[in-house]
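J.: kindly return the folded structure for what I paste below:
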Amino acid sequence: MSPPGPDPLKGRMSRVRLSPSMGRYKRHASSEDQNWVIARSLKAQYLRDMRRYRFQCFLGKLSPFPAPSPAPAPPTKPVCPSTRPFKWLISSHHVPQEYHGWKRLRDQAPWYLQLRFLFVDMPKQLRSEGGIYLWRDNMVEHLSGSVIEKSQRSSRRHLKFAKRLVFSVQANDQHHSLAGRWLVVCYLWGQSREWIQNVNIRSLVSFGSAFCVRGYKLETRKAKPIHEWNLFYEYQRGVATYRQSTRLFYGSFLWGYNPPEVLPGMALPATHLQLADLMQTQARALICASHERPAEFQKEDFSAYPPLVIMPPSR
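T.: Reported below is the predicted structural model:
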């Protein structure tokens with residue numbers, strides 16, 4: 001029986017998919033920041049306390065007996081942690097190297113890992129030392145560790161259990177909020193609960209195990225206040241011939257669709273070419289293991305994309 005052919009390339013106006021569907025428990029990329037969850041919980045608790053206080057005041061006015069002393073005090077409005085304005089996202093997908101190939105082979109892998117790197121200012125942060133490059137040493141223990149049994153209706157049904165891990169700088173407050181200008185979230189799926197609980201997530205992360213790396217930027221439509229993760233870079237490894245391909249995307253986007261794919265010979269802004277170069281160098285260092293070096297891996301030559309020269313408006 002001959003193996004299935006390579007995955008067909010998607011059209012130039014492909015559908016937006018941050019990741020395969022692996023269960024409803026998985027958060028959207030814009031909701032990964034735990035500060036948003038903490039702020040929502042504090043606001044909800046404040047509204048419940050305020051309703052209880054107003055109801056007690058209402059009962060005190062109706063009662064013929066004198067009000068108890070001291071009178072109930074109104075609840076104090078909480079100081080909620082601010083949600084960090086993440087504008088950039090790098091998403092990498094990993095399976096064991098022996099399962100790299102066509103999609104059917106990847107779906108049979110014994111584990112599947114997805115990493116999400118969220119940045120406030122990705123170009124500046126990738127060019128500076130430290131920071132997000134030390135994400136492996138900043139695991140948030142109280143947000144990592146619970147194993148969830150995923151729905152059997154989602155893809156990869158043999159991977160029955162999942163785990164979410166969070167890496168970030170923590171703030172020194174009573175709410176255990178997160179701080180810093182970056183956030184890393186890991187989603188791991190496996191076949192057994194015991195394996196997921198005991199595995200060291202850092203031993204699975206490497207550029208050699210990555211079969212797909214994508215870069216996104218959060219854009220806002222001018223016509224409507226809609227935020228959309230705009231795909232601008234994709235590195236794909238994993239077809240029958242084990243070839244590697246890099247694709248760039250640029251242009252205006254439609255709601256729910258990626259921007260058009262850039263073909264060789266098309267002009268691109270210099271800033272877009274610089275982003276693509278960052279994705280091939282500094283961004284790869286985020287997922288490289290200790291024995292790997294980003295300079296050792298094959299890089300795409302973007303000389304076929306001439307820089308777009310934007311002329312100043314004539315007076």
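J.: list the contacts of the helix or strand where residue 236 lies.
T.: Using DSSP states H and E, residue 236 maps to strand 227-237. Under the contact criterion C-beta atoms under 8 Å, 6 or more residues apart in numbering, strand 227-237 has outside partners 16, 18, 29-30, 89, 100, 210-221, 243-250, 253, 255, 258-259, 272, 275-276, 279-280. No exception for glycine: its C-beta is placed from N, CA and C like everyone else's.
J.: helices - which of those residues land there?
T.: Among the contacts of strand 227-237, the members falling in helices (DSSP state H) are 272, 275-276, 279-280.
J.: now do the buried residues in the strand holding residue 236.
T.: 228-237 (16 or more other C-beta atoms under 10 Å).
J.: stretch 110-125 now?
T.: So stretch 110-125, judged by 16+ other C-beta under 10 Å, has buried residues 111-119, 122, 125.
J.: next one: stretch 43-61
T.: Under 16+ other C-beta under 10 Å, stretch 43-61 has no buried positions.
J.: what is the rounded mean pLDDT of that stretch?
T.: Averaged across stretch 43-61, the pLDDT comes to 86.
J.: cool, stretch 119-139 as well?
T.: 90.
J.: pull the contacting residues for the residue nearest to residue 108 when sequence neighbours are not counted.
T.: Take residue 108 and drop its neighbours on the chain: the residue closest to it by C-beta to C-beta, 6 or more residues apart in numbering is residue 99, 6.6 Å away. Counting by C-beta under 8 Å, 6+ apart, residue 99 touches 105-106, 108-109.
J.: quick one: buried ones out of the residues you listed?
T.: Applying 16+ other C-beta under 10 Å to the contacts of residue 99 flags 105-106, 109 as buried.
J.: just put those residues in a markdown table and tack on secondary structure.
T.: A markdown table is the format used below for the buried ones among the contacts of residue 99 (DSSP: H, G, I helix; E, B strand; the rest coil):
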| residue | secondary structure |
| --- | --- |
| 105 | helix |
| 106 | helix |
| 109 | coil |
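J.: nearest to residue 264 among those?
T.: residue 106 (27.6 Å; C-beta to C-beta).
J.: I figured the closest one hits residue 100, correct?
T.: Yes. Counting by C-beta atoms under 8 Å, residue 106 does reach residue 100; the two are 7.2 Å apart.
J.: where does the chain have low pLDDT?
T.: 1-26, 66-70, 145, 150-155, 221-226, 238-244, 252-256, 294-315 (pLDDT under 70).
J.: can you list the domain ranges for it.
T.: 31-83, 85-307 (automatic domain parsing).
J.: would you agree residue 160 is in contact with residue 112?
T.: No. Using C-beta under 8 Å, residue 160 is not in contact with residue 112, being 11.9 Å away.
J.: hang on, the earlier thing: let's have the ones in helices among the contacts of strand 227-237 in TSV, adding neighbour count and distance to residue 178.
T.: Output for these, formatted as TSV (neighbours: other C-beta atoms under 10 Å; distance: C-beta to C-beta, whole Å):
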residue	neighbour count	distance to residue 178
272	20	30
275	22	26
276	23	30
279	23	25
280	18	29
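J.: cool, thanks, signing off.
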